[in-house]
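Chemist: Could you look at this predicted model? Sequence included:
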Amino acid sequence: MGRLSNISGQEAAKIFLKFGYVIDHQTGSHMILYHETRPTLSIPNHRELAPGLLRGLIAKSGLTIEEFLDKK
C-alpha cells in the first residue's frame, strides 16, 4: 500500500479545505472546490481515490505530497 492509497473523496476534500479551498458545489458525484489563487479542483466523491488521480489533484493545487499528507 502506498502513502496515497485508501483516501476517500470526502477525506481528500477535507484536507484541501485546510489549505483554503471551499466546496463550491457538487455536480453528479464530483465535488468542485474553489480557491481564490489556486486552480479549481474536481474531486470524485468515491470511497477510494486512485493514487494517480490524487497525485494529480495535489500537483494541480500546487502542493507537495508531503504537505498534503501532513494535514491528514
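Modeler: Cool, got the structure.
Chemist: low-scoring stretches of the chain, by residue?
Modeler: In the predicted model, the chain carries pLDDT under 70 at residues 1-2.
Chemist: How far away from the center of its chain is the longest helix belonging to it?
Modeler: If each helix of the chain is counted by residues according to DSSP state H, the longest one is helix 51-61. From the chain centre to the centre of helix 51-61 is a distance of 7 Å (Cα atoms, centre = their mean, to the nearest Å).
Chemist: Mind listing residues that contact that helix?
Modeler: With contacts defined as Cβ atoms under 8 Å, 6 or more residues apart in numbering, helix 51-61 is touched by 2, 4-5, 7, 12, 16, 19, 21, 35, 38-39, 41, 43-44, 64-65, 68. (Each C-beta comes from the backbone N, C-alpha and C, glycine too.)
Chemist: Now do the buried residues in the one helix or strand residue 11 maps to.
Modeler: In this structure, residue 11 sits in helix 9-17 according to DSSP states H and E. Neighbour counts over helix 9-17 (16 or more other Cβ atoms under 10 Å) mark 9, 12-13, 15-16 as buried.
Chemist: ok, now stretch 12-32?
Modeler: Buried positions in stretch 12-32, judged by neighbour count with 16+ other Cβ under 10 Å: 12-13, 15-16, 21, 31.
Chemist: Taking those, tell me the two that lie furthest apart.
Modeler: Within the buried residues of stretch 12-32, 15 and 31 form the most distant pair, 12.4 Å apart (Cβ to Cβ).
Chemist: and the residue nearest the centre of the chain, what does it touch?
Modeler: Closest residue to the average C-alpha location of the chain: residue 12 at 4.2 Å, with Cα atoms, centre = their mean. Listed by Cβ under 8 Å, 6+ apart, the contact set of residue 12 reads 43, 49, 54, 57.
Chemist: what comes up buried for stretch 40-55?
Modeler: Under the neighbour-count criterion of 16+ other Cβ under 10 Å, stretch 40-55 has 41, 43-44, 49, 54-55 buried.
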